[in-house]
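A.B. asks: Here's my sequence, what's the structure:
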Amino acid sequence: MKFRFFAIVFMIFSVLTGCMAAESEELEPLHQLLKEMKSEAENGRMKGIDLPLGATLGEVQERYGKPKSFSNDECWTYSFDHPDTDAVFFYQHDACSQENEQITDDIQMNKITVSPSFFQITVHEKDIRKALGQPSDEYENEAYGGYYLKYRTGDYQLIFVIWEDSVNREITRVSIALADR
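C.D. replies: Predicted structure coming up:
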C-alpha cells in the first residue's frame, strides 16, 4: 500500500515538474533576449541595430538608407521609415530652439526606438520584471501616455513602454537612450 502511495505521488510530482520545466524552457529564450538587450544597452547599443548612440545622421543614412521623413517629438528631431530598418532614430537637434538650423549629417543620435515586433516577440511587464528585476525608475507618463519602465545601465538607459489601456500590460515600445541626469 505504501509503495502505491509513493508511486502515485512520484508520478504526480513528475508530471507537475515536467509541466513547469516546459513552461520555464518556453520563457527562457525571451528572458535571455531581454538580458542581452540590457547588456547591449550598457554600451549604448540596441540589440539588432548596427550603430551605437552617438552615431551621426550620416552614418544612420549610410547604413539604413535615407528616411522617408523627419519629425519631432517634444521638439526632438527623429527620422523614420528608413528602407532597411523599422527603428526610429532620435537626434541631438532641438527643433524648437534650433528650428532655423538645418538638419545636417553630423547631428548625433541620442535615442533608438523599436517595437517588440522588431525582435519578433510579444513581451509583457511581468516578463521584463522577471528577467531584469526592478526598474531603476517607473512612472505613468501623463503628458504622452504610457507606463514607463527604465533600467539604467551606466550612461544609458533601456526603456520599456506599456500603453496605458493595455489590459495584459503588453510592451509597445523599447528604447535605448542617454540616461537621465
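A.B. asks: Is Glu62 located within a strand, as I assumed?
C.D. replies: No. Per DSSP: H, G, I helix; E, B strand; the rest coil, Glu62 lies outside any strand segment and is helix.
A.B. asks: tally of neighbours for it?
C.D. replies: Glu62 is flanked by 13 other residues according to other C-beta atoms under 10 Å. Every residue, glycine included, has its C-beta placed from N, CA and C.
A.B. asks: Show me the shaky parts of this protein.
C.D. replies: 1-27, 98-101, 181 (pLDDT under 70).
A.B. asks: need the strands for it, in chain order.
C.D. replies: Assigned by DSSP state E, the chain shows strands spanning 69-73, 76-80, 88-94, 109-114, 137-140, 147-153, 156-162, 171-178.
A.B. asks: Tally up the residues packed near Ser79, please.
C.D. replies: Using other C-beta under 10 Å, the number of residues around Ser79 comes to 22.
A.B. asks: if we can go back for a sec, quick one: the strands of the chain as a markdown table, columns for distance to Leu34 too.
C.D. replies: Compiled in a markdown table, the strands of the chain are given as follows (distance: least, C-beta to C-beta, whole Å):
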| stretch | distance to Leu34 |
| --- | --- |
| strand 69-73 | 25 |
| strand 76-80 | 24 |
| strand 88-94 | 20 |
| strand 109-114 | 14 |
| strand 137-140 | 16 |
| strand 147-153 | 10 |
| strand 156-162 | 9 |
| strand 171-178 | 9 |
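A.B. asks: Among those strands, which comes closest to Glu28?
C.D. replies: Glu28 lies closest, by C-beta to C-beta, to one member of these: strand 171-178, at 18.1 Å.
A.B. asks: ok so, going back, can you say which of the strands of the chain is packed in most?
C.D. replies: Using mean count of other C-beta atoms under 10 Å, the stretch among these with the largest mean neighbour count is strand 156-162, at a mean of 23.
A.B. asks: so what secondary structure elements neighbour it?
C.D. replies: Applying 3 or more C-beta pairs under 8 Å, 6 or more residues apart in numbering; DSSP states H and E, we find strand 156-162 packed against helix 2-41, helix 125-132, strand 147-153, strand 171-178.
A.B. asks: can you tell which of the strands of the chain is closest to Met37?
C.D. replies: Within these, the stretch nearest Met37 is strand 156-162; the backing value is 6.2 Å (C-beta to C-beta).
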